[in-house]
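Asker: take this sequence and fold it.
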Amino acid sequence: MTGLAPRVLTVLGPFLSASEDTLSLVTETIVAVLSVDNGKWVTPELASMLANALLDVWVKNVKGTP
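Answerer: Next comes the predicted model:
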């Protein structure tokens with residue numbers, strides 16, 4: 001699975017902008033993929049891509065204080 005994990009993580013990126021229900025499933029999948037071999041396979045490039053994608057989703061969905 002370690003050989004496929006980077007590809008799975010890369011393919012999940014576009015799904016981060018999906019609906020709330022899909023986002024929950026994608027988040028669970030990302031957590032599962034990152035647990036493969038304790039994430040030792042994660043490169044700086046993959047970590048950067050994932051962090052940027054997650055920050056984009058957060059920025060689009062953050063709500064200011066009422």
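Asker: helix/strand/coil for Gly3?
Answerer: coil (DSSP: H, G, I helix; E, B strand; the rest coil).
Asker: can you get me a residue count around it?
Answerer: 8 (other CB atoms under 10 Å). Heads up, the C-betas are built off the backbone N, CA and C, glycines and all.
Asker: could you do Gly13 as well?
Answerer: For Gly13, using other CB under 10 Å, the count is 16.
Asker: just give the nearest non-adjacent residue to Leu12, would you?
Answerer: Closest residue to Leu12 apart from its sequence neighbours, by CB to CB, 6 or more residues apart in numbering: Val26 at 5.6 Å.
Asker: correction: the previous question concerned Met1.
Answerer: Val36 (5.1 Å).
Asker: contact partners for that neighbour?
Answerer: Neighbouring residues of Val36 by CB atoms under 8 Å, 6 or more residues apart in numbering: Met1, Thr2, Ala5.
Asker: redo the residues you listed as TSV? Include pLDDT, distance to Met49 and neighbour count.
Answerer: As requested, those are arranged in TSV below (pLDDT from 0 to 100; distance: CB to CB, whole Å; neighbours: other CB atoms under 10 Å):
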residue	pLDDT	distance to Met49	neighbour count
Met1	72	19	10
Thr2	72	18	9
Ala5	87	13	20
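Asker: shaky segments in the chain?
Answerer: 64-66 (pLDDT under 70).
Asker: about what we covered before: what backbone torsions are found at the residue nearest to Leu12?
Answerer: Torsion angles at Val26 (phi, psi; degrees, to the nearest 10) stand at phi -60, psi -40.
Asker: in stretch 43-51, what counts as buried?
Answerer: Leu46, Leu50 (16 or more other CB atoms under 10 Å).
Asker: what do you get for stretch 22-33?
Answerer: For stretch 22-33, using 16+ other CB under 10 Å, the buried residues are Val26, Ile30, Val33.
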